[in-house]
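Engineer: Pasting the sequence and the predicted model now:
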2 protein chains.
Amino acid sequence: MGKRLGPQTVRLERPVAVTAAAAVAGKMEGEGPLGECFDRIVQDALFGEDSWEKAESHFVREAMERAVQKSGHTMGDMDYVFCGDLLNQCIGTTFGIKDFSIPCFGVFGACSTMGETMSLGAMLIDGGFAEQVLAGASSHFCSAEKQFRFPLPLGIQRPPVSARTVTGAGAAVLSRKGEGPVIREITTGKIVDLGIKDANHMGAAMAPAAAALIAAHLRETNRRPEDYDYIVTGDLGRIGRDLAAELLAKEGFPMDERYTDCGILVYDPQKQDVHAGGSGCACSAVTFAGYFYPKLRRGEIRRMLFVPTGALLSTTSVQQGLTIPGIAHGIVLESGKGAD
Amino acid sequence: MGKRLGPQTVRLERPVAVTAAAAVAGKMEGEGPLGECFDRIVQDALFGEDSWEKAESHFVREAMERAVQKSGHTMGDMDYVFCGDLLNQCIGTTFGIKDFSIPCFGVFGACSTMGETMSLGAMLIDGGFAEQVLAGASSHFCSAEKQFRFPLPLGIQRPPVSARTVTGAGAAVLSRKGEGPVIREITTGKIVDLGIKDANHMGAAMAPAAAALIAAHLRETNRRPEDYDYIVTGDLGRIGRDLAAELLAKEGFPMDERYTDCGILVYDPQKQDVHAGGSGCACSAVTFAGYFYPKLRRGEIRRMLFVPTGALLSTTSVQQGLTIPGIAHGIVLESGKGAD
């Protein structure tokens, strides 16, 4: 039974363990600073398939199978799978998980998906509905560019504020019992819309939602930024991270270097042509699974606030002149011996 | 704390009340057999907006506001909102709920969305994470045709197996306490893919998932079809309903007239040009909220199994030759004095 700490935050009665996590990423992600952290790097953007969309599903399948294997369980031990992606009607997810034969819940939270899947999975476990839940999210640079922007062969120049969609998938196994870092609190995002309309400037569109979520979390838990080793947003990138930090300072929560963003960590801006950083559902999913999860596991991080961020737009909404509302979901993870 | 009855089914520890439901539907739905059941019928397909997509969001907003008002609560009393739709990146949902300022979870379950939102909402309440949850789903004939099929002005003939996407939105307020029918059990669907590829024949694509869900539910609860006043799938239509019944008979669960489908109920096939029936997220959402919910409330239905169904496809997946996997989510509702 969860305990409500405030309008957006609940504390789990018994911490839910993250017993395994896996990240499968693309070539460019493999060449970035986190390359050595990933379970597998796939050089071929098509992953042996004949379309980028099928490749994305392949990333999902591979990351989920690896996470389950690392947890010491089999797919049949998973009571539910939660997954989502950016493709129209979430086909990356559907064709990635369809043969698992697990009760499944598709989610759509744009790039905040990993936050949504982990939040809901943890609450179902704490609520007594599941022993194990598989949670994941994916994105693919090529399928996303094709769908949201321009055909890749056009080679359109991107503005400096734009980010690069991370190719890959991340997955985590959440368990009532077992070894691993634990999920303690969950702060669920409200949609925040400050009227940003530039579809290339996702960092600006999402920063207000990220800042609002972090501020709400700190207020409702009665904590300060210093109580966390890391506060990590999902895919704001360099510009969005600084905007969020500026908004947080105005809210009375000045941030130092403990606040970073997965979109900053995943690529090397000096060597890689990524402009503002990384983005996409996979940005937070693979950075969490590959980089932060092992640090939690080893006790190098005692407590972190993981805040995947999403921009809620479609080509249609942008073409119709609508704004780009943002959302963010927060999860507190602590190093620990597990849930039992 | 839920109790697990089997691989797909959980029983809520304390039944969750559905304290209110509201359905807002379009002109053609208003002219159908359920016309008098809806809270509001909107004659204008644009709902006063300048695009069908914005109109769909307007349906969402209106249905949700009416459900909350009918429940005697205010929007601020809702701890979470769960919602989803068929539009790319679920913009029907985003722009429908964005100003509510409630922690929100977007879901994607294609036309099974109402089952997913009610399932997750009920589990969060039973798990102690919420007092009230707002759950809803929407679809719109015009925005769906435009996105999935052909521009409407072309006036393309549709094959006899096709269905008509229901225009509207349904919403329900789920509560830990309060008057109303209750949710007792939840059976969560697995993706079922028998290889159907005809994107006009959704009934056939979804029937195997619906039949598998109902059979799993009956086995795991150790019940027979006769234990329900109604077993109601979401949007299989006439052809799909009969296919599902055939599959269920083979599983040892012969169905009589107690098994029907929202896609059969929502239109009059003699007077309305709807071919196989109704479809879309709103098909099950408005039929539940407008037609079945009041019957449960008045005690005319003692127990029903509500099974929203979804076809997991996109134009891209169909164009790439992929199959159309189906999914279905089951919820047992019983008449009752409420949850407390």
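Structural biologist: Yep, it's here.
Engineer: Where does pLDDT dip in chain A?
Structural biologist: Under the criterion pLDDT under 70, the flagged ranges of chain A are A:1, A:337-340.
Engineer: Spatially nearest residue to the residue in it positioned nearest to chain B (excluding sequence neighbours)?
Structural biologist: Per CB to the nearest CB, A:G127 is where chain A lies closest to chain B, at 2.3 Å. For every residue, glycine as well, the C-beta is placed using N, CA and C. Distances taken as CB to CB, 6 or more residues apart in numbering or on different chains place B:G127 nearest to A:G127, at 2.3 Å, with adjacent residues excluded.
Engineer: got it, and A:M202?
Structural biologist: Spatial nearest neighbour of A:M202, excluding adjacent residues (CB to CB, 6+ apart): A:A311 at 4.6 Å.
Engineer: if we can go back for a sec, for burial, what's the neighbour tally of the residue nearest to A:G127?
Structural biologist: For B:G127, the tally of surrounding residues (other CB atoms under 10 Å in any protein chain shown) stands at 24.
Engineer: Test my guess that it contacts A:G121.
Structural biologist: No - using CB atoms under 8 Å, B:G127 makes no contact with A:G121, being 11.9 Å away.
Engineer: Do me a favour and get the backbone dihedrals for the closest residue to A:P325 other than its chain neighbours.
Structural biologist: The shortest distance from A:P325 to any non-neighbouring residue, by CB to CB, 6+ apart, is to A:D193 (3.9 Å). Dihedral pair for A:D193: phi -130, psi 100, per degrees, to the nearest 10.
Engineer: I'd guessed A:L236 sits against A:A245; true?
Structural biologist: No - counting by CB under 8 Å, A:L236 does not reach A:A245; the two are 9.6 Å apart.
Engineer: Show me which of those two is the more surrounded one.
Structural biologist: The neighbour count for A:L236 versus A:A245, taken as other CB under 10 Å, is higher for A:L236 (37 against 24).
Engineer: Okay, that one and A:G76: tell me how far apart.
Structural biologist: From A:L236 across to A:G76, the span is 38 Å (CB to CB, to the nearest Å).
Engineer: dump the residue contacts of A:I41.
Structural biologist: By CB atoms under 8 Å, 6 or more residues apart in numbering or on different chains, the residues touching A:I41 are A:V24, A:A25, A:G26, A:K27, A:E29, A:G30, A:G35.
Engineer: Which secondary structure element is home to it?
Structural biologist: Assigned by DSSP states H and E, A:I41 belongs to strand A:40-42.
Engineer: Now intersect the contacts of A:I41 with the helices, please.
Structural biologist: Judged by DSSP state H, helices contain the following of the contacts of A:I41: A:K27, A:E29, A:G30.
Engineer: So which of those residues reach chain B?
Structural biologist: Checked against chain B using CB under 8 Å from any CB of the partner chain, these yield no neighbours at all.
Engineer: top of these by neighbour count?
Structural biologist: Most neighbours among the ones in helices among the contacts of A:I41, by other CB under 10 Å: A:E29, with 30 neighbours.
Engineer: Does that one touch A:F38 like I think?
Structural biologist: Yes - with contact defined as CB under 8 Å, A:E29 counts as touching A:F38 (7.0 Å).
Engineer: hey, what's in contact with both of the two?
Structural biologist: With CB under 8 Å, 6+ apart, A:E29 and A:F38 have common neighbours A:G168, A:V286.
Engineer: beta partners for A:F105?
Structural biologist: A:F82 (DSSP bridges).
Engineer: burial of A:A67, as a residue count?
Structural biologist: Neighbour tally, A:A67, other CB under 10 Å: 29.
Engineer: Please, which helix or strand holds it?
Structural biologist: When elements are assigned from DSSP H and E, A:A67 belongs to helix A:52-70.
Engineer: neighbours around the nearest residue to A:Q320 once chain neighbours are set aside, how many?
Structural biologist: Counting by CB to CB, 6+ apart, B:S51 is the residue found nearest to A:Q320 once chain neighbours are left out, at 5.3 Å. Using other CB under 10 Å, B:S51 is surrounded by 18 other residues.
Engineer: Quick check: B:S51 vs B:A204, distance?
Structural biologist: 32 Å.
Engineer: Please apply the same query to A:T117.
Structural biologist: A:T117 sits 30 Å away from B:A204, going by CB to CB.
Engineer: Over to A:A207?
Structural biologist: According to CB to CB, A:A207 stands 46 Å off from B:A204.
Engineer: The two: which has the busier surroundings?
Structural biologist: Between A:A207 and B:A204, counting by other CB under 10 Å, A:A207 is the more crowded of the two (31 against 22).
Engineer: Distance check, the more buried one against B:T94.
Structural biologist: For A:A207, the distance to B:T94 - CB to CB - is 18 Å.
Engineer: Could I get the full set of strands for the stretch 1-150 of chain A?
Structural biologist: With strands called from DSSP state E, counting those that start in this stretch, the stretch 1-150 of chain A shows them at A:3-4, A:9-26, A:40-42, A:80-84, A:104-106, A:132-139.
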